[in-house]
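[1] please work out how this folds:
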Amino acid sequence: MRTDYHNHLEKGTLTLDYLKKFIKKAEAEGIKEFGISEHAYHFYQTKDILSNPWVDERRYYDMDDYVKLFEEAKQAGYPSLKMSIEMDYTPGKHREMEKFIRSYDFDYVIGSVHWVGDFGIDLAEYRKEWEKRDVYEVYEKYFDQIVTLAESNLFDIVGHLDLVKIFGYIPEDQDFLLKQYERATDALAKSKTCVEISTAGLRKPIGKLYPDPVLLQRCYDKGIPIVLSSDAHEPEHVGYAYDQAVKLAKSAGYQQVATFTNGKRKLEPLT
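    This next block holds a predicted model:
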C-alpha cells in the first residue's frame, strides 16, 4: 500500500479535467490511496481563521465548488478519491478551525505550520527574512506550534513536520534540535495525529525529505503512524521519489502506513 494524501490543484483549476491529470499520475505510480488537500487559506470560508496580506491576495475559492468537484469525480468513476484540506494551524483559532473542519465531510485533515507570527517561513518572498532573524528563536516558536497543533487533536496528519528547515537554516546546536524533536513527538504521540513522510523537501533548497531521519526515528519509537505524501502542486510530482520515502520509512522500522476514509484511520502494510 502506498498513499499520496497531500496534493494541490492551486496551479490549475478546480475542474474534473485538471483533477484527472493527478489521478492518472497516481494510478501510473501504483498509488492506491490518493487525495487532494487544497490549502484552506484559498477559501472564503477561512477568512476568520487566517488573514494577512499575502494570504488575502490568494483567497479565491468557495468550499461549495470544492465539494462539488469531489462529487463530480465520484460520479465520473473515481469513488476512492479522498477529499481533504491542508489547514494552516493558527494559534488562538482552535474554535474557528474546529467549526470549519466539522462543516465538511473530509476523509482526513492535514494541519501544517507555515507562519511564525508574520513570518512565512517557507515562502520565497520571505526568504531574506531568515538573515534578519534568530534561527533558534524561529525554530523554538515553530515547534511550539507543532506541539499545540498536536495537543488540539484537530488534525489527522501533520504536514511536513520539519518544514522550518526548507532553506537550509538549521541550528548548529544538536542538543537544541533534539529538544525540539522530543517535545514535538511527545505531543504527537498523545494525539491522533499521524506524520507524513514528504518527498517535497527533495524539490526544495534543502534537498532532503521531511522529516529528518532522527526526527522520524523518534516518531517510530513513540508509536506515531505515518502516511506517504508528495505535496504535489503539479500532476507530474504525484508520487515523486517514493522509493526514497519508503526506504526512509523502513529504515526507521515502519512496516505500515495509515489510510483514511470518512475520518477513520486504518493501518495497511507498507510496500
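[2] in the stretch 151-271 of the chain, which spans are helices?
    174-189, 213-221, 242-252 (DSSP state H, counting those that start in this stretch).
[3] now the longest one: buried residues?
    When you say that, I think you mean helix 174-189. The neighbour-count check on helix 174-189 (16 or more other C-beta atoms under 10 Å) flags L177, Q180, Y181, R183, A184, T185, A187, L188 as buried. Quick note: C-beta positions are derived from backbone N, CA and C, even for glycine.
[4] ok, and the closest non-adjacent residue to the third one?
    So that's Y181. L215 (4.8 Å; C-beta to C-beta, 6 or more residues apart in numbering).
[5] how close does that neighbour sit to R2?
    Plainly put, L215 is 21 Å away from R2 if you go by C-beta to C-beta, to the nearest Å.
[6] with K47 instead?
    36 Å.
[7] after the strand or helix carrying A26, which helix or strand is next?
    Assigning secondary structure by DSSP states H and E places A26 in helix 16-28. Downstream of helix 16-28, the next assigned helix or strand under DSSP H and E is strand 33-39.
[8] residues making contact with that following strand?
    1-10, 19, 22-23, 26, 61, 66, 70, 80-86, 88, 107-108, 110, 238, 259-260 (C-beta atoms under 8 Å, 6 or more residues apart in numbering).
[9] what does the model give T271 for pLDDT?
    Listed pLDDT for T271 reads 88.
[10] my read: it touches M1, true?
    Yes - shown here, T271 and M1 form a contact pair, counting by C-beta atoms under 8 Å, at 6.0 Å.
[11] and the two? Which one has more around it.
    M1 (17 against 10; other C-beta atoms under 10 Å).
[12] who touches the closest residue to that one other than its chain neighbours in this structure?
    Counting by C-beta to C-beta, 6+ apart, M1 lies nearest to E268, which is 3.9 Å off, once chain neighbours are set aside. Residues in contact with E268 (C-beta under 8 Å, 6+ apart) are M1, Q256, V257, A258, T259.
[13] which strand residues bridge E268?
    V257 (DSSP bridges).
[14] how close does it get to E86?
    For E268, the distance to E86 - C-beta to C-beta - is 22 Å.
[15] now do D107
    D107 is 13 Å from E86, by C-beta to C-beta.
[16] ok, now Q180?
    To E86, Q180 is 22 Å away according to C-beta to C-beta.
[17] quick one, strands of the protein?
    3-4, 33-39, 82-88, 108-112, 115-116, 119-120, 157-158, 194-198, 226-229, 256-261, 264-269 (DSSP state E).
[18] how far does the fifth one sit from its chain's centre?
    Okay, so that is strand 115-116. Distance of strand 115-116 from its chain centroid, counting by C-alpha atoms, centre = their mean, to the nearest Å, is 15 Å.
[19] over to the first one?
    Relative to its parent chain, strand 3-4 has a centroid offset of 12 Å by C-alpha atoms, centre = their mean.
[20] once you drop chain neighbours, what's closest to P211?
    Nearest to P211 is L161, by C-beta to C-beta, 6+ apart, at 4.2 Å.
[21] ok, that neighbour - contacts?
    I146, A184, V195, E196, Y210, P211, L215, C219.
[22] what does the model give it for pLDDT?
    98.
[23] over to M1?
    86.
[24] and what of E234?
    pLDDT, read off for E234, is 97.
[25] tell me how far it lies from M63.
    In this structure, E234 and M63 are 23 Å apart, going by C-beta to C-beta.
[26] for D88, list each beta-bridge partner.
    Assigned bridge partners for D88, using DSSP bridges, are S112.
[27] which residues touch it?
    Counting by C-beta under 8 Å, 6+ apart, the residues that D88 touches are H39, A40, Y41, I49, L50, S112, V113, H114, W115.
[28] quick check: the second one touching Y89?
    No - with contacts defined as C-beta under 8 Å, A40 does not count as touching Y89, sitting 10.2 Å away.
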